[in-house]
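> the sequence isn't on hand, but the structure is:
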Ligand SMILES: O=c1ccn([C@@H]2O[C@H](COP(=O)(O)O)[C@@H](O)[C@H]2O)c(=O)[nH]1
């Protein structure tokens, strides 16, 4: 069976748990995602541990956000781990995004537009006026112009972003919840089937899989549902 275009967020408290989740889900998904929780605790070794024998693609979600020189150095430092994708915040601006792209030529740089945990009213409070859609599209265009070849947005914006940036850009959507699942701290959400139908290339799904009694079975069920829908 072809693995589904899902990146399972391995937001685990320890390396053993993360490696176990990775082994359970890799038959069913293309990618596993390492975020701040694991990377800050275990450092670069975590990548090899979750990659395991399967050699699954590892997405390194560090959301770098600093001045261009610092982001270039950080991107260079992690590029040697050969993650398939590395995230930076689009709000760091074009020079910062370009610095990451140039420092990590073998890794796809994904610019995070607006975090999926922010609601429209949160955006107003941090000084981003107007609907999320507008800010996401603006940051998406800026990021692609700066050399990013992937973008992170919520599934709610994915069709609008696709219309702006065209087909060559990888659109990655967290904020994905199977029908009836608790959204938890995610504010801008949609189902996996909807996200894919609207044009997402890679769905980031964490707790709906990793908090399930059997993460392997949960990943297989979502993958099967995506196959049925396509
Ligand atoms: O806008 C963003 C960017 C990244 N994330 C990350 O995705 C996963 C989502 O996990 P769930 O358990 O499915 O909510 C998590 O690792 C975030 O750091 C995001 O949610 N939103």
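Arrived safely, thanks for sending. Every value quoted in this text rests on a predicted model; they were computed, and no experiment measured them.

> what about the longest strand along the chain, distance to the chain center?
As assigned by DSSP state E, the longest strand anywhere in the chain is strand 57-64. Taking CA atoms, centre = their mean, to the nearest Å, the mean C-alpha location of strand 57-64 is offset from the chain mean by 7 Å.

> who does that strand pair up with?
strand 29-34 (parallel), strand 85-89 (parallel) (DSSP bridges).

> what mean pLDDT does the shortest one have?
Along strand 85-89, the predicted local confidence has a mean pLDDT of 98.

> quick check, that strand touching the ligand?
No. Judged by CB under 6 Å from any ligand atom, strand 85-89 makes no contact with the ligand; its nearest approach is 7.2 Å. Glycine gets a C-beta too; all of them are placed from N, C-alpha and C.

> can you give me the mean pLDDT across the longest strand of the chain?
98.

> now stretch 130-147
96.

> starting at the chain centroid, how far to that stretch?
With CA atoms, centre = their mean, you get 16 Å for stretch 130-147.

> what segments of the chain are helices?
15-25, 36-42, 45-51, 68-79, 94-103, 120-125, 132-145, 158-165, 192-197, 207-210, 215-229 (DSSP state H).

> what residues sit buried inside the first one?
Of the residues in helix 15-25, 15, 18, 19, 20, 21, 22, 23, 24, 25 count as buried by neighbour count, 16 or more other CB atoms under 10 Å.

> ok, the residue of the chain found nearest the ligand to residue 126 distance?
Closest to the ligand within the chain is residue 206: 2.6 Å, counting by CB to the nearest ligand atom. Using CB to CB, to the nearest Å, we find residue 206 at a distance of 24 Å from residue 126.

> now residue 147
Distance from residue 147 to residue 126, by CB to CB: 26 Å.

> more neighbours: which of those two?
residue 147 (15 against 9; other CB atoms under 10 Å).

> which ones are touching the more buried one?
Shown in contact with residue 147 (CB atoms under 8 Å, 6 or more residues apart in numbering): 97, 98, 101, 102, 109.

> ok, the closest residue to the second one other than its chain neighbours to residue 139 distance?
The shortest distance from residue 98 to any residue other than its chain neighbours is 4.7 Å, reached at residue 146 (CB to CB, 6 or more residues apart in numbering). Residue 146 sits 10 Å away from residue 139, taking CB to CB as the criterion.

> overlap of the contact sets of those two?
residue 111.

> which one of these two is surrounded by more residues?
Higher neighbour count among residue 146 and residue 139: residue 139, with 24 against 21, using other CB under 10 Å.
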